[in-house]
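S.K.: give the three-dimensional model of this entry:
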Amino acid sequence: MGLFGLLKTQFLCHLVICYVFLVTGLIINVLQLCTLPLWWINKQLARRVNCRLAYCVSSQMVALLEWWSGTECTLYTDPESYPFYGKENAIVILNHNFEIDFLCGWTFCERFGVLGSSKVLAKKELAYMPVIGWMWYFLEIVFCKRKWEEDRKTVVESLQRLQDYPENFWFLLYCEGTRFTEKKHKISMEVAEKKGLPKLKHHLLPRTKGFCVTTQNLRGTVTAVYDSTLNFRNNQTPTLLGVLNGKKYHADLYVRRIPLDAVPENEPECAAWLHKLYQEKDVFQEQYSQTGHFPGPIVSPPRRAWPLLNWLFWVCLLLCPLCLLLLQLFHSGSAVTVVTTAVLCVAASAAVRWMIGQTEINKGSSYGNKEVPLNNND
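M.R.: Below you'll find the model as predicted:
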């Protein structure tokens, strides 16, 4: 490990990164709040402004992955599909096996220029989380409680509001509903057996209702489904904490572009189509585990400098006044001031560690465990 590699593991560096991210996020949240009057005057302009504001936050996470940890992201896809990426609205179906799969998804969104406008079907609890959750609220992210009887109306209304969205967007769906664990997989396959469905080795049984409603309400707005399958080389198990420590990973993403017209409109047929898609995804994952690569050619877009430049801008903007403030505090010589500052730093670090903990697999939601009824939403 070189000097720079050692520096990446130091607590002080982590504190600076987290400080910049949190303060940037809170500033952006306030600026987003200030755009509320604009929604009444020019809704489309307000949406465009919020896309740019959100990019200031989410691109810092991409910079952490691409530039700080040096993680490489390789795209396997059909060269004929490649020109469409970033030029159309799409529904992205991604497997949910890793702690940083969302971050890899954001990375490819950034490389194709749709990071600021990207959407996701997210659990309602995230809407109350400062920085990311509040930012998502202004991005018109679709939130759900995972209780379909209560969610259906809200989800449909949220999706229909996206029909006149002024920016190209990718709508990310984790159709499995929760992150893969061995316990959840065992329960999911018991459900598959009861329903007479083929068992999956690398995925949970997909929840079909959310996908069907999404395709029904975004027809005419979205032109394609991107079937995306993610894995990491050399059986790596990446974590957000590892990324923060500067650990380098290598992600491989296999994307198939499927025209939305190929997805049945009828709900039972659409559900059967999704089950078949996941059977195919399972084959791709098995091939990857056997050979170390996905089928098809590699057509990878290079990383862009914008996330790094954005992060450096906020570092310069926020660290200069912080350093001056700390110098004044320590120059005052007050023991109370020094102790208070140290306590605030430790509290901020604990808060960030808690946020990172929400991405850890062993601290994931109980959704899909035996304690929670698993009726697969079919």
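S.K.: could you list the low-pLDDT ranges of the stretch 251-378 of the chain?
M.R.: Applying pLDDT under 70 to the stretch 251-378 of the chain flags the ranges 333, 337, 348-349, 351-378.
S.K.: chain center to the helix or strand containing residue 317: distance?
M.R.: Assigned by DSSP states H and E, residue 317 belongs to helix 306-332. From the chain centre to the centre of helix 306-332 is a distance of 27 Å (Cα atoms, centre = their mean, to the nearest Å).
S.K.: swap in stretch 131-148?
M.R.: For stretch 131-148, the distance to the chain centre is 12 Å (Cα atoms, centre = their mean).
S.K.: may I have it as CSV, with CA atoms only?
M.R.: Extracted C-alpha coordinates of stretch 131-148, given in CSV (Å, rounded to 0.1, in the frame of the first residue of the first chain):
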residue,chain,number,x,y,z
VAL,A,131,-29.9,14.7,2.2
ILE,A,132,-30.8,11.7,0.0
GLY,A,133,-34.4,11.3,1.0
TRP,A,134,-35.3,15.0,0.9
MET,A,135,-33.4,15.4,-2.4
TRP,A,136,-35.4,12.5,-3.9
TYR,A,137,-38.7,14.1,-2.8
PHE,A,138,-38.0,17.0,-5.1
LEU,A,139,-36.9,14.6,-7.9
GLU,A,140,-40.4,13.1,-7.8
ILE,A,141,-39.0,9.7,-6.8
VAL,A,142,-41.8,7.1,-6.4
PHE,A,143,-42.1,6.0,-2.7
CYS,A,144,-44.0,2.9,-1.5
LYS,A,145,-44.8,1.3,1.9
ARG,A,146,-44.4,-2.3,0.5
LYS,A,147,-48.1,-2.9,1.2
TRP,A,148,-49.6,-3.2,-2.3
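S.K.: surely residue 292 and residue 233 touch.
M.R.: Yes - Residue 292 is within contact range of residue 233, at 6.7 Å (criterion: Cβ atoms under 8 Å). Every residue, glycine included, has its C-beta placed from N, CA and C.
S.K.: follow-up on the earlier one: tell me the buried residues in the helix holding residue 317?
M.R.: By 16 or more other Cβ atoms under 10 Å, the buried positions in helix 306-332 come out as 306-308, 310-311, 314-315, 318.
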